[in-house]
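J.: Have a look; sequence and predicted model below, questions after that.
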Amino acid sequence: MLTAMLALDSTIASDNDCGSGVQQRKAELVKAEQACDGLQRDADAAIDVSSVITQVSTVPAVPQAKWLPQQEQEGEQQNGKGWRHRMRNLLCCLSPPTSGLYAKQDVQILSTIYQLPPQPPRVYREAVIGTKKPEDMHKKTLVLDLDETLVHSSFKPIPNPDYIIPVEIDGRLVDVYVLKRPWLDHFMATVGPRFEVVVFTASLAKYADPLLDLMDPSGLVRWRLFRESCCPYEGNYVKDLNCLGRELASTIIVDNSPHSYIFQPANAVPIGTFIDDMDDQELLELLPHLLQLETADDVRRYLGPNMMLLQQQQEEGQQQQQGPAVAAVQQQQVLVR
């Protein structure tokens, strides 16, 4: 279409002697431009969801100097790309809804993260959350990811959403459809009184804040942290637990993305990514492990690579216990034959 427009423009420029022909071609050029504008608007409205809702950035790592404050980023977007840019940045940590099953954590990814050299602790002038409330003084701090850990959200309509969050972007109202992970209410009701609960999401507050208002009417979540509290690192938003101002020995993070806790993997409890599997029981299965950590002197002794090692030891022990029993059954089957 652009070639046709250029051809029309060239013809108009060279056809000064044919008034009626010029007017006709100008009219055709205007129609072509309007058609291009219409296609641009359609492209802006029909954004590729896979580029908007992604668990981890699919673009190459962005140098730290390129990360600008939100106001500067928005100031750069004054053309048609602004709408795409803001949609793409609204929800940064959601997976494309291409599967009906949640995926278990990739053990290979976790192993790689566990083997990385420790990151030097970052120093913060002040904590991003307030001091502990008196009733929370003796509780562990439980940091919960939001998207794909507690809920799944999509810009595309989904069957039977639990919530629909209207979000304004560039003067347009966009609905975000939210599905709660099974057992979410039971999970929150259990951990709320026992932990100092912090929801830490890399999504924008304009979406996550109203969602938490609906999801947590009882105020079980003590603190809410959004993208501005994340640390941009190698193209990902990392949740640096040092920014909380809490003892790491008493801090736990539950997140489906290993990249989120790359600075403190020893404090992490991995959880599978939730999309739309309504038979998912990971939150329910997670509760006994979290409750056991209530009395731990240092949660890091039981989490991260130590948790993986303990699981391997348990599996090996079960196999050793099953070995004689399996051999006896096989021997009995041979005798029967």
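T.: Here it is on my side, so go on. Just so we're clear, the structure is a prediction, and the values are computed from it rather than from any experiment.
J.: Show me where the stretch 201-337 of the chain dips below the pLDDT cut-off.
T.: 306, 308-337 (pLDDT under 70).
J.: Do a quick rundown of the helices in it.
T.: 205-215, 282-292, 305-336 (DSSP state H, counting those that start in this stretch).
J.: Enumerate the beta-bridge partners assigned to Val174.
T.: Beta bridges link Val174 to Val167 when assigned by DSSP bridges.
J.: so what pLDDT did it get?
T.: The confidence metric pLDDT takes the value 93 at Val174.
J.: Would you check that it makes contact with Pro157?
T.: No: applying C-beta atoms under 8 Å as the test, Val174 and Pro157 come out as separate, 11.8 Å apart. Bear in mind the C-beta positions are built from the backbone N, C-alpha and C, glycine included.
J.: More neighbours: these two, which one.
T.: Shown here are Val174 and Pro157; by other C-beta atoms under 10 Å, Val174 has more neighbours (18 against 9).
J.: ok, now how distant is that one from Thr273?
T.: 23 Å (C-beta to C-beta, to the nearest Å).
J.: Domains in the protein, by residue range?
T.: Domains of the chain are assigned by automatic domain parsing as 1-14+23-46, 90-313.
J.: Deepest in the core, which of those is it.
T.: Stretch with highest mean neighbour count among these: domain 90-313 (a mean of 17; mean count of other C-beta atoms under 10 Å).
J.: ok, so what distance separates the closest residue to Asp280 other than its chain neighbours from Tyr302?
T.: Nearest non-adjacent residue to Asp280, counting by C-beta to C-beta, 6 or more residues apart in numbering: Pro182, 4.9 Å away. With the distance defined as C-beta to C-beta, Pro182 ends up 26 Å from Tyr302.
J.: A helix includes the residue nearest to Asp280, no?
T.: No: secondary structure of Pro182 (DSSP: H, G, I helix; E, B strand; the rest coil): coil, not part of a helix.
J.: Is Asp209 in contact with Arg224, as I believe?
T.: Yes: at 6.7 Å, Asp209 and Arg224 qualify as touching, with contact defined as C-beta under 8 Å.
J.: those strands in the chain, which residues are they?
T.: 140-144, 151-154, 163-169, 172-180, 195-200, 221-225, 231-233, 236-238, 251-255, 268-270 (DSSP state E).
J.: In TSV: the ones you listed, plus distance to Ile262.
T.: What follows is those, written out as TSV (distance: least, C-beta to C-beta, whole Å):
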stretch	distance to Ile262
strand 140-144	14
strand 151-154	23
strand 163-169	28
strand 172-180	27
strand 195-200	14
strand 221-225	17
strand 231-233	7
strand 236-238	6
strand 251-255	10
strand 268-270	9
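J.: For the stretch 51-200 of the chain, which segments count as helices?
T.: 70-76, 81-90, 107-114, 184-191.
J.: Next up, the contacts around the residue lying closest to Pro121 once chain neighbours are set aside.
T.: Of all residues beyond its chain neighbours, the one nearest Pro121 is Asn242 (5.5 Å), with distances taken as C-beta to C-beta, 6+ apart. Contacts of Asn242 were listed using C-beta atoms under 8 Å, 6 or more residues apart in numbering, and they are Pro121, Arg122, Val123, Tyr124, Leu248, Phe263, Gln264.
J.: One more pass at 7 Å, please.
T.: By C-beta atoms under 7 Å, 6 or more residues apart in numbering, the contact list for Asn242 reads Pro121, Arg122, Tyr124.
J.: any idea how far Gln264 is from the first one?
T.: When you say that, I think you mean Pro121. 9 Å.
J.: for the last one, same thing?
T.: As judged by C-beta to C-beta, Tyr124 and Gln264 stand 14 Å apart.
J.: Repeat that for the second one.
T.: Relative to Gln264, Arg122 is positioned 11 Å away (criterion: C-beta to C-beta).
J.: Closest one to His186 out of the contacts of Asn242, please.
T.: The nearest member of those to His186, counting by C-beta to C-beta, is Tyr124 at 34.4 Å.
J.: so what's that closest one closest to, chain neighbours aside?
T.: Cys243 (5.3 Å).
J.: And for Ile158?
T.: Tyr177 (4.7 Å).
J.: ok, now how distant is the one you found from Leu212?
T.: For Tyr177, the distance to Leu212 - C-beta to C-beta - is 16 Å.
J.: Then Pro193?
T.: For Pro193, the distance to Leu212 - C-beta to C-beta - is 18 Å.
J.: next one: Leu144
T.: For Leu144, the distance to Leu212 - C-beta to C-beta - is 11 Å.
J.: And for Arg224?
T.: On the measure of C-beta to C-beta, Arg224 and Leu212 end up 6 Å apart.
J.: shared neighbours, those two?
T.: Val199.
J.: thought Val259 was touching Tyr237?
T.: One correction, residue 259 is His, not Val. No: using C-beta atoms under 7 Å as the test, His259 is too far from Tyr237 to be in contact (8.2 Å).
J.: I am finished for the moment; much appreciated.
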